[in-house]
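Participant: sequence and predicted structure below; questions after.
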Amino acid sequence: MGQLVLLAFLATLGTWAVTALGAATVVFFKSPNQKALNLMMGFAAGVMIAASFWSLLQPAIDRAEALSGPPAWFVATAGFLFGAVFMWGSDKIVSFTRRKVDDTDGEAFDRLNRIILLVLSITLHNIPEGLAVGVAFGALHNGNLTSEGLMGAITIAVGIGLQNFPEGAAVSVPLRREGCSRWKSFLLGQASGIVEPIAGVIGALLVVYVETILPYALSFAAGAMILVAVHELIPECQQNQTEQPYFATMGIVVGFAVMMLLDVMLG
């Protein structure tokens, strides 16, 4: 069991490293370019919307159907709504804090509000992904460690890692637009994936119990991501689009298509 936990930890370290690589793309933006950042903001929204279904809701429904418990529709709906309400509540808490400061500090707190929501949503998304990798490796215990099973667990880790590349950019690039420095945007972007090794170890250790929790966690993250994408990213990327009104919109379409392609191809 100890070897499998170590393998899960190493695998999720790899997925975190790919998140950091995606976040590192922000270094190419030496100065904020409204047009390019609107495009990347739209791309980030498309990535999050696609990931919320193919990476989160669909696996949550499949896992819920395989378990003896509440119906899959209830698990997915309850988790999704709770995730959205959680992010809405977080937004309200930050907004309440903002009203307690002087009007001169309002803009800074509004920017902080968006940063917190964005980083928190991607971080929540990475927790169940880390759990999924940990479960895949932890399920190899009790004589189930075969070459086929091991390759299946590795494939899951590779698939999640590839998906994490655009997700790292989905955090760092919007943060750059909010006025953060390139270095700070990179640090926050890669930090959103640091929870995956932690969740991977927990998933491997508690594989027997986590199967009942995972569908709710996946749906929860999906609800959080949809709320942030629709409420924050899409309205932001559509600003100042008088000359090319469909420029940022195509970013959403391309981001959705890229994430859908990765999810469907890698199963």
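Facilitator: Yes, it's here.
Participant: list the buried ones in the top helix by length along the chain?
Facilitator: Secondary structure assigned by DSSP state H gives helix 106-138 as the longest helix of the chain. By 16 or more other CB atoms under 10 Å, the buried positions in helix 106-138 come out as 113-115, 117-138. C-beta here means a position set from N, CA and C on the backbone, and glycine is covered the same way.
Participant: identify each buried residue in stretch 79-86, please.
Facilitator: For stretch 79-86, by 16+ other CB under 10 Å, it's 79-80, 83-84, 86.
Participant: could you grab the helix/strand/coil label for Ser68?
Facilitator: Secondary structure assignment for Ser68 (DSSP: H, G, I helix; E, B strand; the rest coil): coil.
Participant: what packs against the strand or helix carrying Tyr216?
Facilitator: Per DSSP states H and E: Tyr216 is located in helix 207-228. Applying 3 or more CB pairs under 8 Å, 6 or more residues apart in numbering; DSSP states H and E, one finds that helix 207-228 makes contact with helix 34-51, helix 58-66, helix 72-98, helix 106-138.
Participant: out of those, nearest to Asn164?
Facilitator: Smallest distance to Asn164 across the helices and strands packed on helix 207-228 (CB to CB): 7.5 Å, for helix 106-138.
Participant: and the closest one, what's its mean pLDDT?
Facilitator: Model confidence over helix 106-138 averages 73 on the pLDDT scale.
Participant: now that helix and helix 72-98, what's the angle there?
Facilitator: Interaxial angle, helix 106-138 versus helix 72-98 (axes from the mean of the first three to the mean of the last three CA atoms, to 10 degrees): 150 degrees.
Participant: same for the lowest-mean-pLDDT helix or strand in the chain, what does it pack against?
Facilitator: Using mean pLDDT, DSSP states H and E, helix 106-138 stands out as the lowest-scoring helix or strand of the chain, at a mean of 73. Where contact means 3+ CB pairs under 8 Å, 6+ apart, helix 106-138 is packed against helix 2-23, helix 34-51, helix 72-98, helix 147-177, helix 182-191, helix 195-205, helix 207-228.
Participant: in which helix or strand would I find the nearest residue to Gln163 once chain neighbours are set aside?
Facilitator: Once flanking residues are discounted, Gln163 sits nearest to Leu262: 5.3 Å by CB to CB, 6 or more residues apart in numbering. When elements are assigned from DSSP H and E, Leu262 belongs to helix 247-266.
Participant: just how off-centre is that helix within its chain?
Facilitator: Relative to the centre of its chain, helix 247-266 is centred 15 Å away, using CA atoms, centre = their mean, to the nearest Å.
Participant: show me what that helix is packed up against.
Facilitator: If contacts are counted by 3+ CB pairs under 8 Å, 6+ apart, helix 247-266 sits against helix 34-51, helix 147-177, helix 234-237.
Participant: of the ones you listed, which is nearest Met225?
Facilitator: Nearest of the helices and strands packed on helix 247-266 to Met225, taken as CB to CB: helix 34-51 at 4.6 Å.
Participant: rounded mean pLDDT for the closest one, please.
Facilitator: 79.
Participant: report the buried residues of it.
Facilitator: Across helix 34-51, burial judged by 16+ other CB under 10 Å covers 37-51.
Participant: coming back round to it: mind listing what's buried in the helix holding Tyr216?
Facilitator: 207, 210-211, 214-228.
Participant: what's the angle between it and helix 106-138?
Facilitator: With the same axes, to 10 degrees as the basis, helix 207-228 and helix 106-138 are set at 150 degrees to each other.
Participant: mean confidence score for helix 207-228?
Facilitator: Regarding helix 207-228, the rounded mean pLDDT is 78.
Participant: ok, stretch 72-85 next?
Facilitator: Stretch 72-85 comes out with an average pLDDT of 92.
Participant: roughly how far is that stretch from the heart of the chain?
Facilitator: Offset of stretch 72-85 from its chain centre (CA atoms, centre = their mean): 17 Å.
Participant: please save the CA atoms from that stretch in CSV.
Facilitator: The C-alpha coordinates for stretch 72-85 follow below in CSV (Å, rounded to 0.1, in the frame of the first residue of the first chain):
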residue,chain,number,x,y,z
ALA,A,72,-27.1,9.8,-10.0
TRP,A,73,-29.3,12.7,-11.0
PHE,A,74,-29.7,13.7,-7.3
VAL,A,75,-25.9,13.5,-6.6
ALA,A,76,-25.0,15.5,-9.7
THR,A,77,-27.7,18.2,-9.2
ALA,A,78,-27.1,18.6,-5.4
GLY,A,79,-23.3,18.8,-5.8
PHE,A,80,-23.6,21.2,-8.7
LEU,A,81,-26.0,23.6,-6.9
PHE,A,82,-24.0,23.5,-3.7
GLY,A,83,-20.8,24.4,-5.6
ALA,A,84,-22.5,27.3,-7.2
VAL,A,85,-24.1,28.5,-3.9
